[in-house]
Every structure is written in C-alpha cells, then in structure tokens.
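Trainee: coords below, sequence missing:
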DNA sequence: AGCGATTATATCGTGTGCGATCTATCTAGT
DNA sequence: ACTAGATAGATCGCACACGATATAATCGCT
C-alpha cells in the first residue's frame, strides 16, 4: 500500500508553497519583485546592513542561491553590496533609497494575503508556529 | 510596522517546504530520484497510464514543468511517453518495470519521514488537511 | 465538408535552489 | 612572523517552476 498525493503532508507543503507564491505574484509583479526578493527586502527592512551569511541564516539559503539573487537586486537598484572594511571576506548588503521606499509601496501586501488565505490573524499565527516547529524538527536552524 | 520573516506564515511554508525536500534527499538520492520525480511516481503508482494533463492536475504543475521532468524520467527508464491513439494530442505516461519496482525500493520512505518530522500519524493528517485547505483557498484546484 | 475556436503538449527564457568546488581572507598555534 | 586550517562568498552545473508563446490535433458550427 502506498500513499496517494493528497494523503501526503509533504505534498500539501509543496503545493501550498506554490499556491502561496502564486497568490503573491499579482501583488509583487507591479513592484517588479519576485517572491524571494520580497523575502530578502523583508529581512533588510527589519535590519539593514546585514552580511550575506546573516541573510542566509534568516532566509535559510546558502551563498550559491543568495549571491546571484542579490546581484540581480543590486542591478535593479534595490540594494548595494560592499565588502566589510573590518573583514574583507564578508559582504554587507544595504538598502538603497529605492529599496527602503519599497517598504511603503508593499505595505498593503500582508493584509491582502491574509484576506486571500481566509484566515484570522490568530489562525495564521497558530498555523505558522506549527509549520515552523515542523521545519525545525526536519532541519534545525544554523547557529 | 512590517512583519519579520519568522512572523510570516508564507515564510514558514517556504522554509518548511525546503526543509522537507532536504529531509527527503538522503532517502531519494540512493534511488536516483529527485523529489518532484518521486511525487510523479507516487501519482503513477496510484494510477498508471495517466496523461500529462491528468498528472498536472494531480501535482498542480503545467506542461512547461512536467514535459522536461517526464523526459528526464523517460531517459532514466522509469516511464514511457506515448501519444494516445484515440486523441493524438494527449501523451500517456506509463510506468516501466523499473518505475514499478521503485515502489518497493521506496516503501520505507514515508515512515522515515514521519519519524523525522516527529509527528504521529494523526498529527500529520491534521496538519496536512489544514495546509491543503489553505492551498485550496489560495489557488483552487482545476476541474 | 470546411474552418475558426478550443485543447493538449512542447518550447523558450528567466529566476530560483542546491551540491560541489574555488578563491580570498582571517585566525591560531608555533 | 609564518603557515595550516577555518571561514565567507562566489562560481558552475543541473533540475525545477512558470509566464509567454508555438504547434498540432480535435471540436463545433454552419
């Protein structure tokens, strides 16, 4: 006996993640942002001037994914990339005025998505915590 | 005020999906399968001889993703692709003996993942249903 | 029967993700 | 001060995803 796709927790995650990105698309397209780019900006709005490594720990991505992504965002004028003077190995990512201005241009997005998801704030928080706990059991966060 | 990444339901989905695929990897690598390929096989084990369109509705993927994926699986000898005699527009996907044999070779996978997730069967089912319901509200299934 | 509209799949270009590896820089221990 | 090892990013190759578009087969309508 084998599970069918609708039976599988992993497939619900896989397909719901795609659905979530599809739901974001009409909101992010007018801003010229992809979904991962929006996540990077969210991390930078919360704390500007992070290194590639710090961003990677926040987003759970490695430099092989982040470097090209950040270069595209630099090309769009959203961020700057500069070597840390104190430690030339590290690259500091900072918001440009355009990148910071995007925060207000995207201010309506979270409410739109919550509405689209048909969840109350409390329901969304509870589900988020359950899913984040599952993620931590599957792949613990790096220190 | 802007949400931080850990506050966002969408990010929990995004990162948990990556974590899930990472958890599958050590189990699927020895079988020579990627995670989407495993999902395709799961759909075919449940019902062999589906068209590209039917598989797409099950997996919620379009032909632009499925066609190259299925060609790779054909190249690996897991499936065959053939035009439907009755309607030459449709392509029938059928398991080869190797593709069918993979079902028993992968039989241990679901239990391994459940254990890795640290969930009981009931907990996994409940979470799966909650996430699938969210997905349906975000992007309803095609007819 | 003929033909425009519809349907099923394929193709192309771009943007992620990630394993493997490379390079430059820094740190520690002698 | 010097060098082995560690660390931070970058690079490369491959496999998804998906929007836009192309192609071929079928359907519907007259």
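Mentor: That came through fine. Please read all numbers here as calculations on a predicted model, not as lab measurements.

Trainee: going forward, measure contacts between C-alpha atoms and count neighbours the same way
Mentor: Fine.

Trainee: Name the residues of chain A found near DNA strand D, please.
Mentor: A:18-19, A:21-22, A:51-54, A:63-68, A:89-92 (C-alpha under 7 Å from any atom of the strand).

Trainee: cutoff 6 Å now
Mentor: A:18, A:22, A:51-53, A:63-64, A:67, A:89-91 (C-alpha under 6 Å from any atom of the strand).

Trainee: Could you tell me the average pLDDT over the lengthiest helix in chain A, please?
Mentor: The longest helix of chain A (DSSP state H) is helix A:9-28. The pLDDT scores in helix A:9-28 average 98.

Trainee: how distant is that helix from the center of its chain?
Mentor: Computed by C-alpha atoms, centre = their mean, to the nearest Å, the chain-centroid distance of helix A:9-28 equals 13 Å.

Trainee: again with stretch A:22-34
Mentor: Worked out by C-alpha atoms, centre = their mean, stretch A:22-34 lies 13 Å from the chain centre.

Trainee: So which bits of it are buried?
Mentor: A:23-25, A:27-28, A:33-34 (16 or more other C-alpha atoms under 10 Å in any protein chain shown).

Trainee: what's the answer for stretch A:33-41, then?
Mentor: A:33-35, A:37-41.

Trainee: contacts with DNA strand C among these, please.
Mentor: The residues of the buried residues of stretch A:33-41 that also fall near DNA strand C, by C-alpha under 6 Å from any atom of the strand, are A:34, A:37.

Trainee: angle of the longest helix of chain A against helix B:9-28?
Mentor: Relative orientation of helix A:9-28 and helix B:9-28, computed by axes from the mean of the first three to the mean of the last three C-alpha atoms, to 10 degrees: 140 degrees.

Trainee: Helix A:9-28 near chain B at all?
Mentor: Yes. Judged by C-alpha under 8 Å from any C-alpha of the partner chain, helix A:9-28 and chain B are in contact via A:9-17, A:19-20, A:22-23.

Trainee: repeat for stretch A:108-121
Mentor: Yes. Counting by C-alpha under 8 Å from any C-alpha, chain B is contacted by stretch A:108-121 at A:116-118.

Trainee: ok, of these, which come out buried?
Mentor: Buried among those by 16+ other C-alpha under 10 Å: A:116-117.

Trainee: and the residues of stretch A:108-121 next to chain B, which of them are in helices?
Mentor: Per DSSP H, these map to helices at A:116-117.

Trainee: does the most centrally placed residue in chain A belong to a helix or a strand, and which?
Mentor: By C-alpha atoms, centre = their mean, chain A has its centre lying nearest to residue A:39, at 2.5 Å. If you go by DSSP states H and E, residue A:39 is part of helix A:35-46.

Trainee: Near DNA strand C, which residues of chain A? Just list them.
Mentor: A:34, A:36-37, A:61, A:64-65, A:69, A:86-89.

Trainee: Which members of those are the farthest-apart pair?
Mentor: A:34 and A:86 (32.2 Å; C-alpha to C-alpha).

Trainee: got the buried residues for stretch A:114-129?
Mentor: For stretch A:114-129, the neighbour count (16+ other C-alpha under 10 Å) marks A:114, A:116-117, A:124, A:127-129 as buried.

Trainee: Many thanks, we can stop here.
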